[in-house]
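*Asks:* this is the structure alone, sequence omitted:
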């Protein structure tokens, strides 16, 4: 079970339409496929989706740090030596997405070696999750149409609405249109990606007070410490810390400091190992948790549902697992399907992911 090789393969797949939100926009999924090989002939896989406007990583930087720094440090370790692996990765600051993908590929390789699914290894609570779909910036009618299509086609009834534009009425009008057109049975929450000030956020939440929102997420910057605390004291729904609370230490700081009352766990930035630690901390603090999405492809979404389904707390709410539907293609040999509003984990060992060699050859950027 010793690691013999780590591959970092850049690939690019266009989106059917650009995804727009307060912190940036994405036209093409310029991701990295990470493969961990072992001396038993096992290959574990994971996906690294860089978000330069949030964490500072790019496709090129992820490939470079994996090939030049991380691979030499982990080759020779056993798949079971995860604490030692993370101790070595921790010598290098930052690079959360690169570290997370390497971690998840190790877990996949371990599951394949033991002939056990990753969800079972992590906790095995259930085999599926309800799905939440993210709605990016657009005109109100277009966002309503997209939500209705997702409900009619895939049975999705939970939607995260991107907000953070100015004037705030642009976004409050969208959320109101969604509620009026979709009805009371649909769950809605908003995510500002730090786009508003604390006062703008409070005004927007007052304007939407009658719309039955589930959560509010990262409406204003976390480094506006006093403003954020004031805002959280104003809102009457759980306030989710996302990019401001990546690690367990971040969660502790934000929650005990009064800057958040719920958290988003994204395996794309904390892998399975550190996501597990954040989950356990949240459980101990009695926090609401949502499983977030870093605009992952199908492999990344498969990692997300594998983790989310493993625990009662993360499977309680709908997970953000549908953004691969916006991609024009993907790498999996058998595409994921969302049916009746749910995504089911893949059967078999590890993540149960099998890649299409032809598609990988077509979309990879290093050959």
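*Replies:* It's in. Quick caveat, the model's predicted, so the values are computed rather than measured. Residues are numbered from 1 along each chain as shown.
*Asks:* which residue ranges form the strands in the protein?
*Replies:* Assigned strands in the chain, in chain order: 3-21, 24-38, 43-48, 128-135, 158-162, 187-191, 216-217, 239-241, 262-265, 288-291, 319-320, 342-344 (criterion: DSSP state E).
*Asks:* reformat the ones you listed as JSON lines; add mean neighbour count and mean pLDDT.
*Replies:* For glycine as for every other residue, the C-beta is placed from the backbone atoms N, C-alpha and C. What follows is the strands of the chain, written out as JSON lines (neighbours: other Cβ atoms under 10 Å; pLDDT from 0 to 100):
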{"stretch": "strand 3-21", "mean neighbour count": "17", "mean pLDDT": "93"}
{"stretch": "strand 24-38", "mean neighbour count": "20", "mean pLDDT": "94"}
{"stretch": "strand 43-48", "mean neighbour count": "26", "mean pLDDT": "98"}
{"stretch": "strand 128-135", "mean neighbour count": "23", "mean pLDDT": "97"}
{"stretch": "strand 158-162", "mean neighbour count": "24", "mean pLDDT": "97"}
{"stretch": "strand 187-191", "mean neighbour count": "23", "mean pLDDT": "98"}
{"stretch": "strand 216-217", "mean neighbour count": "26", "mean pLDDT": "98"}
{"stretch": "strand 239-241", "mean neighbour count": "26", "mean pLDDT": "97"}
{"stretch": "strand 262-265", "mean neighbour count": "26", "mean pLDDT": "98"}
{"stretch": "strand 288-291", "mean neighbour count": "24", "mean pLDDT": "98"}
{"stretch": "strand 319-320", "mean neighbour count": "27", "mean pLDDT": "98"}
{"stretch": "strand 342-344", "mean neighbour count": "20", "mean pLDDT": "98"}
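*Asks:* which of these sits closest to residue 367?
*Replies:* strand 3-21 (9.1 Å; Cβ to Cβ).
*Asks:* and that closest one, what does it pack onto?
*Replies:* Packing partners of strand 3-21 (3 or more Cβ pairs under 8 Å, 6 or more residues apart in numbering; DSSP states H and E): strand 24-38, helix 59-65, helix 71-74, helix 96-114, helix 357-363.
*Asks:* return the most buried member of those.
*Replies:* Looking across the helices and strands packed on strand 3-21 with neighbours counted as mean count of other Cβ atoms under 10 Å, the highest average goes to helix 96-114: a mean of 26.
*Asks:* other SSEs contacting that one?
*Replies:* Counting contacts by 3+ Cβ pairs under 8 Å, 6+ apart, helix 96-114 packs against strand 3-21, strand 24-38, strand 43-48, helix 59-65, helix 82-89, helix 118-122, helix 267-270, helix 273-285.
*Asks:* so for residue 162, which of the ones you listed sits nearest?
*Replies:* The closest of the helices and strands packed on helix 96-114 to residue 162 is strand 3-21. By Cβ to Cβ, the value is 4.2 Å.
*Asks:* show me how far that closest one is from its chain's centre.
*Replies:* In terms of Cα atoms, centre = their mean, to the nearest Å, the centre of strand 3-21 is found 14 Å from the chain centre.
*Asks:* before we move on, what about stretch 293-302?
*Replies:* Relative to the chain's own centre, stretch 293-302 is displaced by 7 Å; criterion: Cα atoms, centre = their mean.
*Asks:* please shift the residue numbers so they start at 103 in all later answers.
*Replies:* In the new numbering, first residue 103, that becomes stretch 395-404.
*Asks:* can you spell out the domain ranges of the protein, please?
*Replies:* According to automatic domain parsing, the chain comprises the domains 105-217, 222-446.
*Asks:* thinking again about what came up before, in CSV: the strands of the chain, plus distance to residue 168.
*Replies:* Formatted as CSV, the strands of the chain follow (distance: least, Cβ to Cβ, whole Å):
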stretch, distance to residue 168
strand 105-123, 4
strand 126-140, 7
strand 145-150, 8
strand 230-237, 27
strand 260-264, 30
strand 289-293, 29
strand 318-319, 30
strand 341-343, 28
strand 364-367, 23
strand 390-393, 25
strand 421-422, 25
strand 444-446, 28
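*Asks:* nearest to residue 438, of those?
*Replies:* Distance to residue 438, taken as Cβ to Cβ, is lowest for strand 444-446 among the strands of the chain, at 6.5 Å.
*Asks:* so which elements touch the closest one?
*Replies:* Short answer (3+ Cβ pairs under 8 Å, 6+ apart): strand 444-446 packs on strand 230-237, helix 400-410.
*Asks:* in a markdown table, list the ones you listed along with distance to residue 282.
*Replies:* Output for the helices and strands packed on strand 444-446, formatted as a markdown table (distance: least, Cβ to Cβ, whole Å):
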| stretch | distance to residue 282 |
| --- | --- |
| strand 230-237 | 15 |
| helix 400-410 | 30 |
